[in-house]
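1. Give me coordinates for this.
(one chain, ligands or ions: 1)
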Amino acid sequence: MSSPSTGPVPPNRSGSPGGFVRACALGELGEDGLVRAELPAGPAVVVVRTGGHVYALADRCSHQDFRLSAGEVFDGGLECALHGSLFDLSTGAPDGPPATRAVPVHAVLLDGDEVLVQVTPAPGAIDGAVVSTSS
Ligand code: FES
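-> Coordinates of the predicted model:
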């Protein structure tokens, strides 16, 4: 059974964990999967677990208004199901056309079995939250 390897969630001044909100349970992702999550005060995200890391990207392809959560985890990225652009999970950048713009990426924290996603997208590339496979 996998267990998260990150420490406690740091609180911010308002008492919420640094603008992070619960997106899903780690167990919902399996070892190599994704789920769509509606955030209470922001856009929907697609949470992806692959290669022992968890990532979150805006659930809207930058090419057309299409849910990336309908796609598949492929070759370390997230493939759009409509036209096939493959998005880097750390930067949100597509590998090539038809998408030409990056999708927003969100920082992720693990708190026990809870996957927390920062509501405001990160300004640049982020590292995925690490999932330890040792317990
Ligand atoms: S809608 Fe995603 S690549 Fe076209």
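2. contacts and neighbour counts: CA atoms only from here.
-> Fine.
3. Grab the nearest non-local neighbour of the most centrally placed residue in the chain.
-> Nearest to the mean C-alpha position of the chain, counting by CA atoms, centre = their mean, stands residue 56 at 1.2 Å. Closest residue to residue 56 apart from its sequence neighbours, by CA to CA, 6 or more residues apart in numbering: residue 47 at 4.4 Å.
4. so which helix or strand takes in the one you found?
-> strand 45-50 (DSSP states H and E).
5. Paired strands for that strand, with orientation please.
-> strand 33-37 (antiparallel), strand 53-58 (antiparallel) (DSSP bridges).
6. if we can go back for a sec, OK, contacts around the residue nearest to residue 56?
-> 23, 29, 34-37, 54-57 (CA atoms under 8 Å, 6 or more residues apart in numbering).
7. Close to the ligand: what parts of this protein are there?
-> 61, 63-64, 66, 80, 82-85, 98-99 (CA under 6 Å from any ligand atom).
8. Sketch out the low-pLDDT regions of this protein for me.
-> 1-18, 133-135 (pLDDT under 70).
9. follow-up on the earlier one: among the residues of the chain next to the ligand, which are located in helices?
-> Assigned to helices by DSSP state H, none of these qualify.
10. Now, of those residues, which are buried?
-> 61, 63, 66, 80, 84-85, 99 (16 or more other CA atoms under 10 Å).
11. hmm, back to that, if I look at the residue nearest to residue 56, how far off is residue 98?
-> 23 Å (CA to CA, to the nearest Å).
12. Over to residue 51?
-> When distance is defined by CA to CA, residue 51 is 26 Å away from residue 98.
13. Residue 110 now?
-> Residue 110 is 33 Å from residue 98, by CA to CA.
14. before we move on, what about residue 64?
-> For residue 64, the distance to residue 98 - CA to CA - is 9 Å.
15. Which members of the residues of the chain next to the ligand are the farthest-apart pair?
-> 66 and 98 (12.9 Å; CA to CA).
16. Alright, calling it a day.
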